[in-house]
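missing the sequence, but the structure's below:
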């Protein structure tokens, strides 16, 4: 589909958002290599337009569940860099008081109901958020993001089926980034497009250029309008690509030669930048300024997080149950 | 006082909570128009309508995942899983999602949801439809697990579960659904986490719940004729565990028998035994005794099933065994 042009302010916001996500992810990778971040981290570099375009199409009151590759989703929805970086380092100032970590960015105040470390588990949770909207008659939608690998999980199919029969206001958004862990998706999934799976559940299945933030925005906005009108769920497939490996130690040796370069030629930041320059809305100097501002913001957040205290040990047993 | 069956008490609790709080909703397989496969919930769909009482597909992960999603966005959902044996089908949503969601959010999300399921043997349903779920669920911090033993308990504990701001599993017993008992007209919710002494006694403490509680009371009544005075505790909740009530009773009696309708391996009765052996060790005048199914399954054939699930006779024998040969010095 051809993307409609976003208003200038929205384009500027999208470009800033994508730069912030990319620079933050690069910095997280560096902190990982320096052993400052423990465990694992899944980077969304290359997929920024999915996060940014999705967030731009939502309204206050809408909710999102997403995957462990969720730093971009969180930032695009408005999570503060300090909240995110503090959480990465397990600090009390993190969005989950340090109890979640890289894979569990959560902040209900921006509609983010949780990133999930179990493939596909976030999908039925979004169905429940949509159920709340329907039961209460509220004009909100729920949106859930998952990879193409999650569409081979039972929870995906149960969720699409139940949402379809109940006509729930939920958008199922698949970021098809070509690889499920180390396996190319054509080896694990007998389809040309994930969107085909929508036909089994009698809902629209839409294919979108996931490198184009404006195309992502348009598709999500159209499906959201449909859902708000009571017409039920939509499955949207963003065709995208992760430039990095699955997680921290994966150098992605399974990629065929030249594949990464072909995707780099369709970089989401460069696509929007070129479009804005062509439309006379941006020049190179202004782009450099935006990039610099994002670098400063990320550096500030990292400094803040490094200096922030760890949670006190009584946090270990707090928040398990409501008293 | 009005007399209700256990199933009527469950239905009344649901109806009363649906009436008193518009955020309460109820859904599951065949719970609406059909009134539930155990005929526990007739009339709710008609009274509260298809928006708040919903039939779902046979999709346990979607049922529990959507209950969680609804809970964190402002509803108080009650989900039914029909047979408790279907709990493992949705184990990820229970173990990794429902139990952990509040904690992982740093306490910023609330998860007030209730899951109902029918459990237990003695009804001839065979191996995959007769299990008790307490011990599966007791391992997970972040959820509460409730097992009502009679109609009044079924009514009060379910209302207490729905009003609790935590995830609660309410396990109902299939063999008790037809049991009649008095439920006070003005009965209210029972706060979760407190055991109750059903029958005071001074010689031996028996800890049980649900069907085993009923059989423990029968055993205690039999043994009274032999001069053995049994204190019977209805544990009600395996999680959180009311340690104080158990220890106070053990201090008084010096003997303890724990009765579970489940296999012995990693059973909740082991937690009671370990409590007795640790904090209660100086109260003990006899070894701690567990009565359970051993490492067996629940078969279909009636005599085999009867042999698997602890009977009143087995409980009686176990109590006698801790009474004979041991005396407080």
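Nice, thanks for sending it over. Quick caveat, the model's predicted, so the values are computed rather than measured.

how about the helices of chain B, start to end?
Counting by DSSP state H, chain B has helices at residues B:6-20, B:44-52, B:60-71, B:91-92, B:101-104, B:134-137, B:151-163, B:210-224, B:243-253, B:268-278, B:302-308, B:312-323.

Ignore what I typed, I meant chain A.
A:8-33, A:48-56, A:71-77, A:81-88, A:122-136, A:154-166, A:185-188, A:213-228, A:259-264, A:268-278, A:284-307.

Could I get the ones you listed in a markdown table, plus columns for mean pLDDT and mean neighbour count?
In this view, the C-beta of every residue, glycine as well, is placed from N, C-alpha and C. Shown next, in a markdown table, are the helices of chain A (pLDDT from 0 to 100; neighbours: other C-beta atoms under 10 Å in any protein chain shown):
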| stretch | mean pLDDT | mean neighbour count |
| --- | --- | --- |
| helix A:8-33 | 97 | 20 |
| helix A:48-56 | 98 | 30 |
| helix A:71-77 | 98 | 28 |
| helix A:81-88 | 98 | 25 |
| helix A:122-136 | 98 | 28 |
| helix A:154-166 | 98 | 24 |
| helix A:185-188 | 94 | 13 |
| helix A:213-228 | 98 | 23 |
| helix A:259-264 | 96 | 13 |
| helix A:268-278 | 98 | 19 |
| helix A:284-307 | 98 | 15 |
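
Quick one: name the residues of the stretch 101-250 of chain A near chain B.
A:104, A:106-108, A:113-114, A:116-118, A:121, A:123-136, A:142, A:154-155, A:158-159, A:161-162, A:165-166 (C-beta under 8 Å from any C-beta of the partner chain).

So what's the residue count around residue B:102?
Using other C-beta atoms under 10 Å in any protein chain shown, residue B:102 has 25 neighbouring residues.

just to revisit the earlier point, nearest to residue B:317, of the helices of chain A?
Relative to residue B:317, the nearest member of those by C-beta to C-beta is helix A:154-166, separated by 45.4 Å.

how far out from the middle of the chain is that closest one?
A distance of 21 Å separates the centroid of the chain from that of helix A:154-166, by C-alpha atoms, centre = their mean, to the nearest Å.

picking that back up, can you tell me which of the helices of chain B comes nearest to residue A:271?
Comparing the helices of chain B under C-beta to C-beta, the one sitting nearest is helix B:60-71, at 33.6 Å.

Chain A contacts on the stretch 101-250 of chain B?
Contact residues, the stretch 101-250 of chain B versus chain A (C-beta under 8 Å from any C-beta): B:101-110, B:141-142, B:144, B:164-166, B:240.

Just the buried residues of the residues you listed.
Buried residues within these, defined by neighbour count using 16 or more other C-beta atoms under 10 Å in any protein chain shown: B:101-110, B:142, B:144, B:164, B:166, B:240.

contacting residues for residue 165?
Let's take chain A. Counting by C-beta atoms under 8 Å, 6 or more residues apart in numbering or on different chains, residue A:165 touches residue B:57.

not what I meant, chain B
Residue B:165 neighbours (C-beta under 8 Å, 6+ apart): A:322, B:110, B:111, B:112.

next one: residue A:98
Per C-beta under 8 Å, 6+ apart, neighbours of residue A:98: A:86, A:87, A:89, A:90, A:91, A:92, A:310, A:311, A:315, B:106.

how close does it get to residue A:319?
Taking C-beta to C-beta, to the nearest Å as the measure, residue A:98 falls 11 Å from residue A:319.

what residues are shared contacts of these two?
Taking C-beta under 8 Å, 6+ apart as the criterion, residue A:98 and residue A:319 both touch residue B:106.
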